[in-house]
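1. Have a look at this prediction, sequence included:
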Amino acid sequence: MYDHETDLLIRLVRDASNDLMKLGQSYMTLNDGESARKCFVTAQTLEIQANTTDTLHASLLTGNPFHLQTETMTSNDLGHINNLGRAHTNALKKTWRSLIEAISKETSLSGKYIADSVYVDELFRAMGYDNPDVLILRWLRSRKWDVNASVHQMIETMKWRRDWGVQELVAKGERAISQDEISTNKTYFMGHDKMVRP
C-alpha cells in the first residue's frame, strides 16, 4: 500500500540524487571527470529507483497497470552501445572474433567464405532491425559478459532459427499459423506480459 513512509523514502532518494548531481557538477569544475561521471551515474540510478518505486506504488494505489510501463533500463546505462567502458569494448571485439571463428568451425569454411553460410545469413537477418553491436551487447549482458557463453548462445540461436524455419514463418506472417498451434500456447500476440509490460 502506498503510505507516508514510502513517500518519505522516495523523497529521500530523490534528495540524495540531487545532492549527487551537485557533487558531480563540483567535480566537473575541479576537472575530475571520472569522479563526476561516477556521481552522475549513481544519481541517475537513484532517480530511476525512485521513479520505479513511485510508479509501482501509484499503480497499486490506482489499480491502473499502465503506470508500470516505465522502463528502468535505458540505452545510457553502463554496458549499452552509448556507454561502454574499456572492458565492455574489449569484450565486444573479442565476441565478434570468437563468433567468426565459431561460425567458421561450425561450417568448416575459412574466414572470408563464411559470409555464404546459413549461420551468417541467420545472424544478419536477426540484425536487420538493429545496430549489429547492439544485438551482440544484448547477448553479452545476458551472459554477464562471458564471451564464450555468449558466442555459444548465439550459435545455438542461429541453429534453432535455421532448424525451425524462422525465416519462412516471418515471411508467411501470422495468417499461416494454424489454430491448433495457437491453442498450444506456443504463440503469442501483442499484448502485455505478467508484469503488465507491453
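-> Structure's in. What do you need?

2. burial measure for Cys137, as a count.
-> You called it Cys, but residue 137 is Leu. Burial measure for Leu137: 21 neighbouring residues, criterion other C-beta atoms under 10 Å. Every residue, glycine included, has its C-beta placed from N, CA and C.

3. ditto for the one 3 residues further on
-> Leu140 sits with 24 neighbouring residues when counted by other C-beta under 10 Å.

4. these two touch, right, it and Ala149?
-> No - Leu140 is not in contact with Ala149 according to C-beta atoms under 8 Å; the separation is 9.2 Å.

5. who touches both of those two?
-> Taking C-beta atoms under 8 Å, 6 or more residues apart in numbering as the contact criterion, no residue touches both Leu140 and Ala149.

6. what's the span of stretch 181-196 from first residue to last?
-> 24 Å (C-alpha to C-alpha, to the nearest Å).

7. can you list the domains in this protein?
-> Structural domains assigned to the chain are 4-69, 86-183, following automatic domain parsing.

8. Now the weakest link among these, please, by mean pLDDT.
-> Between these, the one with the least mean pLDDT is domain 4-69; it has a mean of 59.

9. Surely Ile114 and Thr107 touch.
-> Yes - if you go by C-beta under 8 Å, Ile114 and Thr107 touch, sitting 6.1 Å apart.

10. So which of the two has more stuff around it?
-> Ranked by neighbour count (other C-beta under 10 Å), Ile114 and Thr107 place Ile114 first, with 21 against 15.
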